[in-house]
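In: sequence below, structure please.
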Amino acid sequence: MNIRFFLFAGLTCISLSFLFFQIVFADELVLNNGDRLTGTLIEAQDGKLTFHTDYTDKIILDMEAVKTIITETPMEVRLESDEVLVGPLRTEQGAVLVGGSANRQATVVDWERVKTINVPDALWEGSVWFGGTQHLGNTDRMGVSFGAEAVRTSEKNRWNFSFLYNYAEEDDELVARDAYGLLKFDQFFTRRFYGYLAIEMLKDEFKELNLRTVVGPGIGYQLWDAEKGNLALEAGVAYFSEDRTEEDEQWFTARLAARFQYQVLEWMRFTDHLILYPQFESVGDYTLRNEVALITSFGSSWAIRFSNIWERDSDPAEGVKEDDFRTSANLQYTF
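Out: Sure thing, here's the model as predicted:
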């Protein structure tokens, strides 16, 4: 009898505990039309709120459609003054009540003062990819390629980093070996307008380039920035330095660039990054680099990356062609 009683009491406590945690840790939205959603508030910014429920994927709502937000879990509320309040919150009639903590009492602020909810001050994202080819038979060829890119974005600035390496042998003879890197810093003056400083480096034995270094400042404008994609245009000046096998060269150029990204489908993304360097001293001479990629996802973080890189030098070294094309397919991991 006692054993049955204790078993019943234990199961009852466990059931009540699960129910308690379900109630305590569920966030709730009340919409203007009276609908209620229960789940987890992920984030809110730019007039949009992202919410997750147990029965649907992420839901993105217009803030104007939301009447009340109630969370039991702490939220990070960033104000227009960049002050950050952390605690469970409740909104009502244009005001936000942020629960208190050990070091702070509960705080009430106007909703208009809230910049973001649960959006980190700086966001990291990036990817790495690797590909290889091997031909046996009439041609004995082996090649590998590796790439990585990372972006750190905050409200005031953005860092961009990318690196590419390519190596190939044919019949035990080296036929390709090159490395490319880009480091770029953007300082936002407004939400769309920014200044930048970029450094670009290229090493390619088969272009007789021991090292090409391009560095310079400029300005950029985020012409289009939406959930589906973005387009940025840039213009500036750059110092061009080429350490060549036979003769070194240095000159100043303009720098014109465009970066485009579009989410074609939920599992397919298209990107294009174009950089053009027209020379000041020699009109008509220029250097161009255009990298196009089609990224098809097949998992939460994995994708196949198809890319084509077109490099053009209107005045190449003797014995080097003006145009250079490289097409590759790589396995990509996104973080």
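
In: need the contact list for residue 135.
Out: Listed by Cβ atoms under 8 Å, 6 or more residues apart in numbering, the contact partners of residue 135 are 141-142. Glycine gets a C-beta too; all of them are placed from N, C-alpha and C.

In: what are the bridge partners for it, then?
Out: residue 141 (DSSP bridges).

In: list the contacts of the spatially most central residue of the chain.
Out: What sits nearest the mean C-alpha location of the chain, by Cα atoms, centre = their mean, is residue 125, with 4.5 Å. Shown in contact with residue 125 (Cβ under 8 Å, 6+ apart): 150-151, 153, 334-335.

In: same question for residue 50.
Out: By Cβ under 8 Å, 6+ apart, residue 50 lies in contact with 41-44, 58-61.

In: may I ask which helix or strand encompasses the residue nearest to the centre of the chain?
Out: strand 122-135 (DSSP states H and E).

In: what residues sit buried inside that strand?
Out: 127-129, 131 (16 or more other Cβ atoms under 10 Å).

In: sorry, back to before: which one of the contacts of residue 125 sits closest to residue 184?
Out: Minimum distance to residue 184 across the contacts of residue 125 is 9.7 Å, recorded for residue 151 (Cβ to Cβ).

In: what's the host helix or strand of that closest one in contact with?
Out: Using DSSP H and E, residue 151 maps to strand 141-154. For strand 141-154, the surrounding residues in contact (Cβ under 8 Å, 6+ apart) are 121-135, 158-171, 175-176, 328, 330.

In: what do you get for stretch 264-284?
Out: In contact with stretch 264-284 (Cβ under 8 Å, 6+ apart) are residues 200, 214, 238, 240, 251-263, 285-298, 314-315.

In: for that stretch, what is the average pLDDT?
Out: Stretch 264-284 carries an average pLDDT of 93.

In: re the thing from before, quick one: the strand holding residue 125 to strand 141-154, angle?
Out: 170 degrees (axes from the mean of the first three to the mean of the last three Cα atoms, to 10 degrees).

In: now do the buried residues in stretch 295-305.
Out: Under 16+ other Cβ under 10 Å, the buried positions of stretch 295-305 are 295, 297, 303, 305.

In: quick one: residue 118 from residue 110, how far?
Out: According to Cβ to Cβ, to the nearest Å, residue 118 and residue 110 sit 19 Å apart.

In: when those two are compared, which one has more neighbours?
Out: residue 118 (18 against 11; other Cβ atoms under 10 Å).

In: excluding sequence neighbours, find me the nearest residue to the more buried one.
Out: residue 43 (4.3 Å; Cβ to Cβ, 6 or more residues apart in numbering).

In: now do the strands in the stretch 51-200 of the chain.
Out: All strands of the stretch 51-200 of the chain, identified by DSSP state E, counting those that start in this stretch, fall at 56-62, 66-70, 75-79, 84-87, 89-92, 95-98, 107-110, 114-117, 122-135, 141-154, 157-170, 173-188, 193-204.

In: for the first one, C-alpha coordinates in PDB please.
Out: Read it as strand 56-62. Presented in PDB, the C-alpha positions along strand 56-62 are these (Å, rounded to 0.1, in the frame of the first residue of the first chain):
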ATOM      1  CA  THR A  56       4.800  25.300 -37.000                       C
ATOM      2  CA  ASP A  57       8.100  26.600 -38.200                       C
ATOM      3  CA  LYS A  58       9.300  30.100 -37.400                       C
ATOM      4  CA  ILE A  59       6.500  32.700 -37.900                       C
ATOM      5  CA  ILE A  60       7.400  36.300 -38.900                       C
ATOM      6  CA  LEU A  61       4.700  38.800 -37.900                       C
ATOM      7  CA  ASP A  62       4.300  42.500 -38.300                       C
END
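
In: residue contacts, residue 119?
Out: Applying Cβ under 8 Å, 6+ apart, we find residue 119 in contact with 43-45, 76, 78.
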